[in-house]
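1. Model the structure of this input:
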Amino acid sequence: MTAKRVFSIDELARMICQNLRTPTYRDSGTEWREESQALLHVALCSKIMSEAALDVLWEDSATLGPFLSLLPPTLSKIEDASGVACPPAESWHTFDKYAGRVKRLFLRGFCPRRRGFHDDSPAYVKLATVRYREAGVHLFPRLRLLQMKLFLSGDPFIDSLIPHTVRRLNVELLLLGAAYKGGDQVPLRALQRISICAPLLEQLDLKPDYLLAKQAMPVDFPRLSTVYLRVVPGRVGGDIVKSCHLFANSPIKELVLYTNPIARDFWEDMVPPVFPSLQSFTAHQNPYHSLQLLKKLATKNLQNFTFSHHRWPATTPHLEQCLELVNYLKDRFSASLRSVRINMSNYGTSHAADFAPMLLALNELAFACPTLEEVDVSVPLYQATSVTSMPEEIGRLWRKSSWPRTLKSLRIIHERDGSAQT
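-> So this is what the prediction gives:
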């Protein structure tokens with residue numbers, strides 16, 4: 001078979017082009033340019049390979065920058081979407097030729113080309129509104145992943161921003177001006193529109209500026225399996241937790257929760273048990289609230305649990321709560337757990353004896369869980385502590401013979417003189 005016939009097979013051509021670059025963007029602008037140059041040379045030098053090379057070259061975009069020069073002239077300096085007429089379809093030909101190839105669009109974050117942080121969300125909203133309002137066409141019709149910040153000043157016009165092809169959505173919902181009068185109904189309506197516009201959505205990373213309605217009916221995401229809930233700095237962490245009931249009708253298998261401190265009494269009016277299909281739970285908060293949420297889970301098949309207490313200084317009460325957390329995992333999920341990861345590296349002191357009860361509890365958990373395959377625990381022991389100088393009851397846990405042979409991965413890390421010891 002000749003090279004021409006090989007390259008004419010779309011699947012082979014695309015596979016070759018995929019190997020000319022690494023996925024996503026690097027922190028180094030130089031590496032990103034070298035990868036792009038290889039694909040650019042293929043696109044310019046081979047008619048047979050050009051389409052496959054362009055597809056791979058344009059499938060990821062960390063900014064709107066490359067597309068601005070392709071816009072119709074009347075939209076090149078758009079300041080306000082209101083009152084602007086959408087240019088005729090023929091004037092979008094060049095823009096659509098490249099925008100139609102984009103599958104992952106990151107509108108905010110680090111951009112190697114600009115060598116700094118950027119946020120193109122406002123420009124995207126303006127352009128997408130103009131295009132969709134009159135023509136009913138999305139700017140990037142083949143998107144699979146979209147990351148953006150959305151400012152809500154009233155009823156959100158979500159339809160123009162999110163094509164039905166989106167599988168992964170990372171969105172920060174911020175309220176402006178009159179939107180505060182609508183309170184929690186504004187972000188709720190935005191979430192409802194997202195569920196309609198993106199019926200194939202599988203992963204949602206949500207960071208709402210305002211609590212979502214506590215008494216609202218659940219929002220239907222028929223394919224949603226992974227949810228990241230993040231609290232905006234300065235907001236109450238309990239607000240985002242109380243919104244968990246909005247996903248009661250969705251087949252959530254993985255939950256990742258980032259919150260700040262929560263008042264203890266808020267659990268009294270917490271929603272009924274949620275997430276009956278949950279298999280993986282990651283909590284970035286203090287152990288007490290992780291335990292309370294664990295008690296609210298309806299699932300009986302939790303397989304992966306990760307807890308990290310690195311945002312605030314951990315104290316002795318936190319360590320006692322972490323011990324209670326481990327014991328609860330053993331009592332309720334011993335038949336299903338496959339991995340347990342606990343990070344207490346932000347604990348205030350560094351005495352090995354402080355961690356003995358928790359590590360011993362983890363050891364008991366490992367023997368009580370026949371399905372457990374991975375244990376990963378990180379504790380701070382800074383005072384030149386060596387394993388041999390630890391008390392026998394805790395020092396023995398650094399020996400593999402003290403753990404079940406069914407474990408496939410065991411890591412007990414303690415920071416010593418600035419370095420990690422396993």
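2. domains of this structure?
-> As given by automatic domain parsing, the domain ranges for the chain are 1-57, 286-302+311-422.
3. rank these by mean pLDDT and give me the bottom one.
-> Of all the domains of the chain, mean pLDDT reaches its minimum on domain 1-57 (a mean of 63).
4. For Trp58, which non-adjacent residue is spatially closest?
-> Nearest residue to Trp58 in three dimensions, chain neighbours excluded: Arg101, at 4.0 Å (C-beta to C-beta, 6 or more residues apart in numbering). Placement of C-beta: from N, CA and C, glycine included.
5. again with Val102
-> Closest to Val102 by C-beta to C-beta, 6+ apart is Phe140, at 4.8 Å.
6. For the closest residue to Ser225 other than its chain neighbours, grab the count of nearby residues.
-> Leaving out its chain neighbours, the residue that sits closest to Ser225 by C-beta to C-beta, 6+ apart is Lys253, at 4.7 Å. Neighbour count for Lys253, taken as other C-beta atoms under 10 Å: 18.
7. where exactly do the helices run in this structure?
-> 3-7, 10-18, 29-45, 47-58, 65-68, 93-99, 121-135, 185-197, 237-242, 287-296, 316-333, 352-368, 392-395 (DSSP state H).
8. about what we covered before: correct me, but the residue nearest to Ser225 touches Pro276?
-> No. Using C-beta atoms under 8 Å, Lys253 makes no contact with Pro276, being 10.5 Å away.
9. a markdown table for the helices of the chain, including mean neighbour count and distance to Glu172?
-> As requested, those are exported to a markdown table (neighbours: other C-beta atoms under 10 Å; distance: least, C-beta to C-beta, whole Å):
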| stretch | mean neighbour count | distance to Glu172 |
| --- | --- | --- |
| helix 3-7 | 11 | 43 |
| helix 10-18 | 15 | 31 |
| helix 29-45 | 15 | 25 |
| helix 47-58 | 19 | 25 |
| helix 65-68 | 16 | 21 |
| helix 93-99 | 16 | 23 |
| helix 121-135 | 19 | 9 |
| helix 185-197 | 20 | 11 |
| helix 237-242 | 22 | 12 |
| helix 287-296 | 20 | 22 |
| helix 316-333 | 18 | 29 |
| helix 352-368 | 18 | 35 |
| helix 392-395 | 14 | 43 |
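10. I'd like those written out as JSON lines, with distance to Leu257 added.
-> JSON lines is the format used below for the helices of the chain (distance: least, C-beta to C-beta, whole Å):
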{"stretch": "helix 3-7", "distance to Leu257": "48"}
{"stretch": "helix 10-18", "distance to Leu257": "34"}
{"stretch": "helix 29-45", "distance to Leu257": "32"}
{"stretch": "helix 47-58", "distance to Leu257": "35"}
{"stretch": "helix 65-68", "distance to Leu257": "34"}
{"stretch": "helix 93-99", "distance to Leu257": "35"}
{"stretch": "helix 121-135", "distance to Leu257": "24"}
{"stretch": "helix 185-197", "distance to Leu257": "17"}
{"stretch": "helix 237-242", "distance to Leu257": "7"}
{"stretch": "helix 287-296", "distance to Leu257": "7"}
{"stretch": "helix 316-333", "distance to Leu257": "14"}
{"stretch": "helix 352-368", "distance to Leu257": "21"}
{"stretch": "helix 392-395", "distance to Leu257": "30"}
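11. Tell me which of these sits nearest to Gln303.
-> helix 316-333 (8.3 Å; C-beta to C-beta).
12. Name the residues that touch the closest one?
-> 286-288, 290-291, 294-295, 302, 305, 307, 309, 337, 340, 342, 344, 347-348, 354-355, 357-358, 361-362, 364-365, 368-369 (C-beta atoms under 8 Å, 6 or more residues apart in numbering).
13. Okay then, goodbye and thanks.
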